[in-house]
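In: Build me a structure from this.
(chains A and B)
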Amino acid sequence: MAASYETSAEYISHHLTNLTYGRFPDGSWGFAKSQEEITSMGFMSINVDTMFWSVLLGFVFLGIFMTAARRASTDVPGGLQNFCEMLVEFVEDSILQVFGSRPNPVIGPLSLTVLVWVFLMNLMDLVPIDVIPHAAALLGIPYFKIVPTTDLNATLGLSGGVFILVIYYNLKIKGPLTFGAGLFTHPIPHWSMYWFNFILEFVDMIAKPISHGLRLFGNLYAGEMIFILIALLPFYLQWLLSLPWAIFHILIIALQAFVFMILTIVYLTQAHAVDEH
Amino acid sequence: MNINLTIFGQLIAFTMFVLFCMKYVWPPLTTAMRERQKRISDGLDNAAAAEQQLEQANEAAGKELEEAKAQAAELIAQARSRANQIVEDAKVQANEEANRIREGAQDDIDQEINRAREQLRERVGELAVEGAEKILQSSIDRSAHEEMLNKLAAGL
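Out: Below you'll find the model as predicted:
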């Protein structure tokens, strides 16, 4: 535990606070210096650390894969190309199993982006939790969270993007009329139950992106929380818990990235499924 | 843990990354993979075809070799039988020649014997008379004993 924090609670809450840039109640814009200020900003603020790390990691993903794609040839592939093609093939296999072989130009790149990007963002969880916030503090930055997926905004942004695609494909494949009618006629196709149906279907539809984003957020937030709690131990004991947890966490971050991708594919598949009722 | 503008920032970033991936990452990688797959499967097909060809060629070579061997064996058998025949012919010829020579020699001998016999026959009477004359110391009438002497000569 870093000596500069007075209580454990302060340490924990500091590590869970984003670097926020936003509009103060008086109308001026600037970085929030405390949690009260963040609360006062409300919606008109942006988590700079989340944006910075997620965009940086997105470019890492694009950098790796675009290098491989530019060098892609039908000759014997090198290490990088092998690695990228392995991932692409893995994504294609997953799509084939769930989505089937319907031609769709979006689902492949979308799933690959989700898988690798989310994995990279989760991977930041394995960076020792005090290193980068501490370095940032020395530079005068009050808060610095480095795991974008422990920010609800990031995960809901992702699941919201998927949700927009789901709506788009629902409208495109089923047509606005069929899609709209489907909201009222399921699950009980009787006119007296139409509004009841609509409430059910609407909740069902909205619950999907929320649970999609919350699942990733919850897993990573909890993992981060445990790292923070372990960091409260005396430094000579930390390795005893942080090492096994980090090793276990390698599994979690890969698994959560995979789950997020599979759910993306599943939701898109549902959007494509033409009703059999 | 506030929901704020970050959610839109993330949405925009997400969209950009997916679009980039759609345009610059996914198509070249999948195309390269498909093409390599095709190349490998073509290569495997070709290898299988080549193997089959090799097998056929081996088979043909074996058949040819077998034929050549059979031909050679036939030739050897023919040559052997011909050689035997030549030897046989030579033996027969030699036997005939030997017989011919022997018969010629026999004829010569017979002639020689006959001639000697004729000579002896011509001379025997004379010799007998001469011998008798010498023994008897007297002359004997040649004509009186001519007939008997001739008989004697013919009896030889």
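
In: Can you tell me the element the residue in the stretch 51-200 of chain A that chain B sits nearest to falls in?
Out: Nearest to chain B in the stretch 51-200 of chain A, going by C-beta to the nearest C-beta, is residue A:157, at a distance of 2.7 Å. Where C-beta positions appear, they are placed from N, C-alpha and C, glycine not excepted. Residue A:157 belongs to helix A:152-169 when elements are defined using DSSP states H and E.

In: starting at the chain centroid, how far to that helix?
Out: 10 Å (C-alpha atoms, centre = their mean, to the nearest Å).

In: What parts of chain B come near chain A?
Out: Residues of chain B found near chain A (C-beta under 8 Å from any C-beta of the partner chain) are B:1-11, B:13-18, B:20-22, B:24-26, B:28-33, B:35-36, B:39.

In: Show the buried residues in these.
Out: Of all the residues of chain B next to chain A considered here, the ones buried according to neighbour count by 16 or more other C-beta atoms under 10 Å in any protein chain shown are B:2, B:4-7, B:9-11, B:13-15, B:17-18, B:20-22, B:24-26, B:28-30, B:32-33, B:36.

In: So, low pLDDT: which residues of chain B?
Out: Low-confidence segments of chain B, defined by pLDDT under 70, are located at B:1, B:137-144.

In: quick one, helices of the stretch 151-277 of chain A?
Out: A:152-169, A:175-185, A:194-231, A:235-272 (DSSP state H, counting those that start in this stretch).

In: next one: chain B
Out: When assigned using DSSP state H, the helices of chain B occupy the ranges B:6-20, B:26-136, B:142-155.

In: Most tightly packed of those helices?
Out: Here the criterion is mean neighbour count by mean count of other C-beta atoms under 10 Å in any protein chain shown, and of the helices of chain B the winner is helix B:6-20, at a mean of 20.

In: Give me the contact list for that one.
Out: When contacts are defined by C-beta atoms under 8 Å, 6 or more residues apart in numbering or on different chains, helix B:6-20 is touched by residues A:18, A:45-47, A:50-51, A:54-55, A:58, A:61-62, A:66, A:106, A:109-110, A:113, A:117, A:148, A:151, A:153-154, A:156-158, A:160-161.

In: try it again with 7 Å
Out: A:46-47, A:50-51, A:54-55, A:58, A:62, A:109-110, A:113, A:117, A:151, A:153-154, A:156-158, A:160-161 (C-beta atoms under 7 Å, 6 or more residues apart in numbering or on different chains).

In: Just confirm residue A:143 is within a helix.
Out: No - counting by DSSP: H, G, I helix; E, B strand; the rest coil, one finds residue A:143 to be coil, located in no helix.

In: residue contacts, it?
Out: By C-beta under 7 Å, 6+ apart, the contact list for residue A:143 reads A:14, A:17-19.

In: could I get the residues you listed as a markdown table with neighbour count, distance to residue A:253 and pLDDT?
Out: Below are the contacts of residue A:143 laid out as a markdown table (neighbours: other C-beta atoms under 10 Å in any protein chain shown; distance: C-beta to C-beta, whole Å; pLDDT from 0 to 100):
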| residue | neighbour count | distance to residue A:253 | pLDDT |
| --- | --- | --- | --- |
| A:14 | 19 | 23 | 79 |
| A:17 | 20 | 22 | 81 |
| A:18 | 26 | 20 | 81 |
| A:19 | 21 | 22 | 82 |
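
In: among those, which are in helices?
Out: Taking DSSP H as the definition of helices, these contribute residue A:14.

In: between the contacts of residue A:143, which is closest to residue A:208?
Out: Using C-beta to C-beta, residue A:18 is the member of the contacts of residue A:143 that lies nearest residue A:208, at 25.8 Å.

In: Distance check, that closest one against residue A:139.
Out: For residue A:18, the distance to residue A:139 under the criterion C-beta to C-beta, to the nearest Å works out to 16 Å.

In: Same question for residue A:104.
Out: Shown here: residue A:104 relative to residue A:139, a distance of 45 Å by C-beta to C-beta.

In: Ok, residue A:190 next?
Out: In this structure, residue A:190 and residue A:139 are 65 Å apart, going by C-beta to C-beta.

In: What of residue A:161?
Out: Between residue A:161 and residue A:139 the distance, using C-beta to C-beta, works out to 32 Å.

In: And for residue B:99?
Out: Spatial separation of residue B:99 from residue A:139 under the definition C-beta to C-beta is 136 Å.

In: Then residue A:258?
Out: Distance of residue A:258 to residue A:139, given as C-beta to C-beta: 36 Å.

In: So which of the two has more stuff around it?
Out: Taking residue A:258 and residue A:139 together and counting by other C-beta atoms under 10 Å in any protein chain shown, residue A:258 has the greater number of neighbours (16 against 7).

In: Please name the residues that touch the nearest residue to that one once chain neighbours are set aside.
Out: Excluding the flanking residues, the one nearest residue A:258 by C-beta to C-beta, 6 or more residues apart in numbering or on different chains is residue A:115, at 6.8 Å. Residues counted as contacts of residue A:115 (C-beta under 7 Å, 6+ apart) are A:91, A:257-258, A:261.
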